[in-house]
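> Kindly generate the corresponding structure for this input.
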Amino acid sequence: MIYPSIDKLLTQVGSKYLLVNIVAKRAKEMDVTKHYQLKEEEYTSKKNIGRALEEVAKNLIHIKENEE
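Got it, this is the predicted structure:
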C-alpha cells in the first residue's frame, strides 16, 4: 500500500496532473536545498518524492490558484 493514499491527496489537490507537478517541484527543491519541513525521522519515506507527498498530505504545501 502506498502512503499517503492518492485518494486522500486528490481531496486536497484538484487533479492528478497538478499533484504530480507540485510533488516533482518540491522533491527537486529538497534535492538542491536540503531543506525539509519536518524532521527527517518524522518522514515515513526515505526518498524525496515520498517526502513531498507526505508534506502535501499534512498540508505543509499550499497551492495558490491563479485568479483571472
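
> okay, now Val20: neighbour count?
By the measure other CB atoms under 10 Å, the count of residues near Val20 is 11. Backbone N, C-alpha and C define where each C-beta goes, glycine included.

> Which secondary structure elements does the helix or strand of the chain with the lowest mean pLDDT sit against?
When the helices and strands of the chain are scored by mean pLDDT, DSSP states H and E, helix 6-12 comes last with a mean of 85. Packing contacts for helix 6-12, counted by 3 or more CB pairs under 8 Å, 6 or more residues apart in numbering; DSSP states H and E, involve helix 16-33, helix 48-57.

> Below-threshold pLDDT in the protein: ranges please.
Within the chain, the segments meeting pLDDT under 70 span 1-2, 66-68.

> hang on, the earlier thing: between the helices and strands packed on helix 6-12, which one is closest to Ile63.
Nearest of these to Ile63, taken as CB to CB: helix 16-33 at 6.6 Å.

> now that closest one and helix 48-57, what's the angle there?
120 degrees (axes from the mean of the first three to the mean of the last three CA atoms, to 10 degrees).

> Sort out which residues of stretch 8-27 are buried, please.
Leu9, Val13, Leu19, Ile22, Val23, Arg26, Ala27 (16 or more other CB atoms under 10 Å).

> Looking at those residues, which is nearest Leu38?
Nearest member of the buried residues of stretch 8-27 to Leu38, counting by CB to CB, is Arg26, at 12.5 Å.

> so that closest one sits right up against Glu54, yeah?
No. Judged on CB atoms under 8 Å, Arg26 makes no contact with Glu54 at a distance of 10.3 Å.

> Need the buried residues of stretch 8-27 in CSV (columns: distance to Ser45).
As requested, the buried residues of stretch 8-27 are exported to CSV (distance: CB to CB, whole Å):
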residue, distance to Ser45
Leu9, 13
Val13, 18
Leu19, 15
Ile22, 16
Val23, 11
Arg26, 13
Ala27, 10
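
> Which member of the residues you listed is positioned nearest Glu42?
Nearest to Glu42 among those, with distances taken as CB to CB, is Arg26, at 15.9 Å.

> With adjacent residues omitted, what lies nearest to the closest one?
Ala52 (3.9 Å; CB to CB, 6 or more residues apart in numbering).
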